[in-house]
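*Asks:* Need coordinates for the below:
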Amino acid sequence: MRECAILVHRNYAEGLTATAYLNEEDARREMNEAVDSVIGKLTEEGYKPKIIENGWDNIEVSAADGNIYYEWSIILSEIR
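*Replies:* Alright, predicted model coming up:
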């Protein structure tokens, strides 16, 4: 069996998505780039985003008292 990393993303507008990566580092890089992009966008729109990091594999960004939210999680798994 081959290992993979699944990046799960949920937000207030689009719901839930998941993408599988063969390399854990690629999933982490994608998550970090997405987090930076969302923080930049929210800041440009005048919000003060709140960032919660629950370890290296789970990040939450929220604004407007939680009415705007983005969540990312990385799940390590196997391709069968």
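*Asks:* Break down this structure into its helices, ranges please.
*Replies:* Along the chain, counting by DSSP state H, helices occupy 24-44.
*Asks:* Relative to residue 59, how far out is residue 37?
*Replies:* For residue 37, the distance to residue 59 equals 12 Å [Cβ to Cβ, to the nearest Å]. The way it works is simple: take the backbone N, C-alpha and C, and place the C-beta from them, glycine included.
*Asks:* Show the contacting residues for the residue nearest in space to the middle of the chain.
*Replies:* Centroid-nearest residue in the chain, with Cα atoms, centre = their mean: residue 72, separated by 2.5 Å. Each residue near residue 72 by Cβ atoms under 8 Å, 6 or more residues apart in numbering is listed here: 7, 8, 9, 31, 34, 35, 58, 59, 60.
*Asks:* for residue 10, same thing?
*Replies:* Shown in contact with residue 10 (Cβ under 8 Å, 6+ apart): 16, 17, 69, 70, 71.
*Asks:* Just the buried ones out of the residues you listed, please.
*Replies:* The neighbour-count criterion (16 or more other Cβ atoms under 10 Å) marks 69, 70, 71 among the contacts of residue 10 as buried.
*Asks:* Mind listing the residues bridging to the first one?
*Replies:* Just to be clear, that refers to residue 69. Residue 69 has these beta-bridge partners by DSSP bridges: residue 62.
*Asks:* how far away is the nearest residue to residue 67 once chain neighbours are set aside from residue 61?
*Replies:* In space, and not counting its chain neighbours, residue 67 is closest to residue 12: 6.9 Å by Cβ to Cβ, 6 or more residues apart in numbering. According to Cβ to Cβ, residue 12 and residue 61 sit 11 Å apart.
*Asks:* In terms of neighbours, single out the busier of these two.
*Replies:* residue 61 (23 against 14; other Cβ atoms under 10 Å).
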